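Novice: Predicted model, plus sequence, below.
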Amino acid sequence: MNPTPETETADQTTDPKTAGTAASGAEPTAETTTGPKADLTKGSAAEPADKDATPAEGPEGAVAEDAEDTEDTDDLDDDEAAAVSRPSGLGSAAASIVAVCLGIVALTGTWTSRVLAERQGLVGQLKTGQSSTAEQQISAIYADGWHLTAAVNGGVALVAMLVGVIVLALPQRTGWVRPFALAGAILGFLGLLVSFGMYFDLFAALPTPPAAPAPTP
């Protein structure tokens, strides 16, 4: 009968379309399935690499920071050591002022030298008697006391000059210390010259008593 071949023809006609549709539908599925899998595979392979790189950078940064901290600590230690070893200059400043004061005292006289001179005069009065001549009394009561005063003032002047010279020889950090030390040394030198002249009666000779009148016959 004829109806059977027509049915077969229709089936053959529709089969290629169905097959095409099925093939076209299957291709995207395959692509969709393979695409994400490939991406996931790439991502999973890249993540361990990043994880491995991060720990590698951490120790290097820590070592660099430790090196910088060590350098800063060394710089601070050097500064502190330099500050400790560097002299403050307080002693030199005080010594320069002391030199000036001693130089002034040596020129004007001290309370100690006056007391010693008075004591020496009292001792001279006790040693001399009525039988002593006028020259002996002047020498024992007055001259010895004056010479003792000059000796004491000369010792103070010598100390002032030595202190000033020592301060001048030291390194100075304050600008006014050196002028003060120089002034103390000069005053001490002047006081030493004055004391030397007074001790040896160069500036003022000892008084001499008048000559005794000749006895009348």
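Specialist: Yes, it's here.
Novice: Just say helix, strand or coil for the residue nearest to Gly145 when sequence neighbours are not counted.
Specialist: Of all residues not flanking Gly145 in the chain, Ala117 sits nearest, at 3.7 Å (CB to CB, 6 or more residues apart in numbering). Placement of C-beta: from N, CA and C, glycine included. With DSSP: H, G, I helix; E, B strand; the rest coil as the basis, Ala117 sits in helix.
Novice: Next up, the contacts around Ala117.
Specialist: By CB atoms under 8 Å, 6 or more residues apart in numbering, the contact list for Ala117 reads Gly145, Trp146, Leu148, Thr149.
Novice: switch to 10 Å and redo it
Specialist: Gly109, Tyr142, Asp144, Gly145, Trp146, His147, Leu148, Thr149, Ala150, Ala151, Val152 (CB atoms under 10 Å, 6 or more residues apart in numbering).
Novice: Ala94 too?
Specialist: Applying CB under 10 Å, 6+ apart to Ala94 gives the contacts Val167, Val177.
Novice: what about it, helix or strand, and which?
Specialist: Using DSSP states H and E, Ala94 sits within helix 90-108.
Novice: in that helix, what counts as buried?
Specialist: By neighbour count on 16 or more other CB atoms under 10 Å, the buried set for helix 90-108 is 92-93, 95-100, 102-107.
Novice: where does the protein have low pLDDT?
Specialist: Flagging of the chain using pLDDT under 70 yields the residue ranges 1-88, 173, 214-215, 217.
Novice: swap the cut-off to 80 and go again
Specialist: For the chain, the stretches with pLDDT under 80 are 1-88, 129-131, 172-174, 211-217.
Novice: show me where it has helices.
Specialist: With DSSP state H as the criterion, the chain has helices at 3-85, 90-108, 111-127, 134-138, 144-169, 177-199.
Novice: picking that back up, ok, so of the contacts of Ala117, who is nearest Gly197?
Specialist: Closest approach between the contacts of Ala117 and Gly197, by CB to CB: Ala150, at 8.1 Å.
Novice: Quick one: residues contacting that closest one.
Specialist: Gly109, Ser113, Ala117, Val194, Ser195, Phe196, Gly197, Met198, Tyr199, Phe200, Asp201, Phe203.
Novice: Pull the contacting residues for the first one.
Specialist: Contact analysis of Gly109 by CB under 10 Å, 6+ apart lists Ala117, Thr149, Ala150, Val152, Asn153, Val156, Gly191, Ser195.
Novice: so, if you compare the residues you listed, which one comes nearest to Ile138?
Specialist: Ile138 has its nearest neighbour among the contacts of Gly109 in Ala117, at 14.4 Å by CB to CB.
Novice: Report the separation between that closest one and Val152.
Specialist: Look at Ala117 and Val152: by CB to CB, to the nearest Å, they are 8 Å apart.
Novice: Asn153 is in contact with Ser195, isn't it?
Specialist: Yes - counting by CB atoms under 10 Å, Asn153 touches Ser195, with 4.7 Å between them.
Novice: what do the two both touch?
Specialist: Taking CB under 10 Å, 6+ apart as the contact rule, Asn153 and Ser195 both touch Ala106, Leu107, Gly109, Ser113.
Novice: need those in CSV with distance to Ile138, can you?
Specialist: Output for the shared contacts of Asn153 and Ser195, formatted as CSV (distance: CB to CB, whole Å):
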residue, distance to Ile138
Ala106, 26
Leu107, 26
Gly109, 21
Ser113, 20
